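Colleague: kindly return the folded structure for what I paste below:
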Amino acid sequence: MNIKDCSDAELIEKYLNGDKNCMEVLIHRYKKKVYTYILITVKNPTVADDLFQDTFMKVISSLKNGVYQDKGKFGSWLIRIAHNITIDYFRFEKNRNLYSQTDEKTDIFNVTSLSDITIEDKVIDNQIESDIRNIIEYLPEEQKEIILLRHYGNMSFKEIADLTGVSINTALGRMRYALINLRKIIEENNIILTR
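Modeller: Predicted structure coming up:
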């Protein structure tokens with residue numbers, strides 16, 4: 001059997017029995033999802049690279065120490081570690097008073113145009129993205145987190161529920177309240193989010 005065809009559980013078992021290539025396969029298998037989640041949360045590629053490495057160092061350490069119990073949810077466990085490391089980063093930066101939002105843009109609601117985009121359209125789109133990001137910052141932490149996980153992390157509500165340790169209904173409820181609060185902030189501040 002090709003090592004790439006092994007399940008997560010098989011790769012973990014082989015890794016723990018000394019096959020280092022299995023960890024490379026696991027990293028490759030989850031790299032895009034984990035890195036994207038971290039990047040859209042911290043909005044800085046250099047920091048995202050560091051946190052991505054920290055995530056897999058923690059995974060390796062946890063596996064070697066027998067912390068992970070296979071329940072067929074390695075991917076969710078991995079994202080939870082990335083999430084916790086990212087939260088720790090923000091706490092550390094907040095305590096140092098060094099954290100500030102960057103001007104890097106990620107299109108939270110996938111605003112795209114089917115026609116050719118002019119420079120003016122790009123400027124407007126960038127302003128809309130900036131406005132959305134600023135509005136999201138005013139949401140309560142639980143609501144902000146679910147918006148980021150859903151729209152930036154492209155995670156399903158089941159994945160979000162697993163990651164945050166709540167029921168799917170709670171995750172859906174938080175999203176509902178987040179959208180209500182976003183609309184309220186937009187209306188109260190007369191923010192226009194269209195071209």
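Colleague: quick check: the spatially most central residue of the chain vs D8, distance?
Modeller: The centre of the chain sits closest to Y37, judged by C-alpha atoms, centre = their mean, with a distance of 2.6 Å. Here Y37 is placed at a distance of 17 Å from D8 (C-beta to C-beta, to the nearest Å). Where you see a C-beta, it was placed from the backbone N, CA and C, and this is true even at glycine.
Colleague: just I186 next, same as before
Modeller: With C-beta to C-beta as the criterion, I186 and D8 are 42 Å apart.
Colleague: which one of these two is surrounded by more residues?
Modeller: Taking other C-beta atoms under 10 Å, I186 and D8 do not tie; D8 has more neighbours (19 against 15).
Colleague: just list the residues touching the residue nearest to the more buried one when sequence neighbours are not counted, thanks.
Modeller: The shortest distance from D8 to any residue other than its chain neighbours is 3.9 Å, reached at F74 (C-beta to C-beta, 6 or more residues apart in numbering). Contact analysis of F74 by C-beta atoms under 8 Å, 6 or more residues apart in numbering lists 8-9, 12, 26, 68.
Colleague: who wins for neighbours among the residues you listed?
Modeller: L26 (22 neighbours).
Colleague: give the buried residues for stretch 50-70.
Modeller: By neighbour count on 16 or more other C-beta atoms under 10 Å, the buried set for stretch 50-70 is 51-52, 54-56, 58-59, 63, 68.
Colleague: element containing I146?
Modeller: helix 141-147 (DSSP states H and E).
Colleague: could I have whatever helix or strand comes next after that helix exported to CSV, CA atoms only?
Modeller: Sequence-wise, the next helix or strand downstream of helix 141-147 (DSSP H and E) is helix 157-164. The C-alpha atoms that make up helix 157-164 are tabulated as CSV, following Å, rounded to 0.1, in the frame of the first residue of the first chain:
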residue,chain,number,x,y,z
PHE,A,157,-20.7,24.4,10.8
LYS,A,158,-20.0,20.9,11.9
GLU,A,159,-16.2,21.6,11.8
ILE,A,160,-16.7,24.9,13.6
ALA,A,161,-18.8,23.1,16.3
ASP,A,162,-16.1,20.5,16.7
LEU,A,163,-13.3,23.1,16.8
THR,A,164,-15.0,25.4,19.3
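Colleague: who touches helix 157-164?
Modeller: 73, 76, 79-80, 83, 145-146, 149-150, 155, 167-168, 170-172, 175.
Colleague: so what are the domain limits for the chain?
Modeller: 3-96, 119-188 (automatic domain parsing).
Colleague: comparing these, which yields the minimum mean pLDDT?
Modeller: In terms of average pLDDT, domain 119-188 trails the rest of these, at a mean of 81.
Colleague: end to end on it, go ahead and measure it.
Modeller: With C-alpha to C-alpha, to the nearest Å as the measure, domain 119-188 spans 30 Å from end to end.
Colleague: so what's the gap between it and the chain middle?
Modeller: 12 Å (C-alpha atoms, centre = their mean, to the nearest Å).
Colleague: what do you get for stretch 2-19?
Modeller: That offset, for stretch 2-19, works out to 26 Å (C-alpha atoms, centre = their mean).
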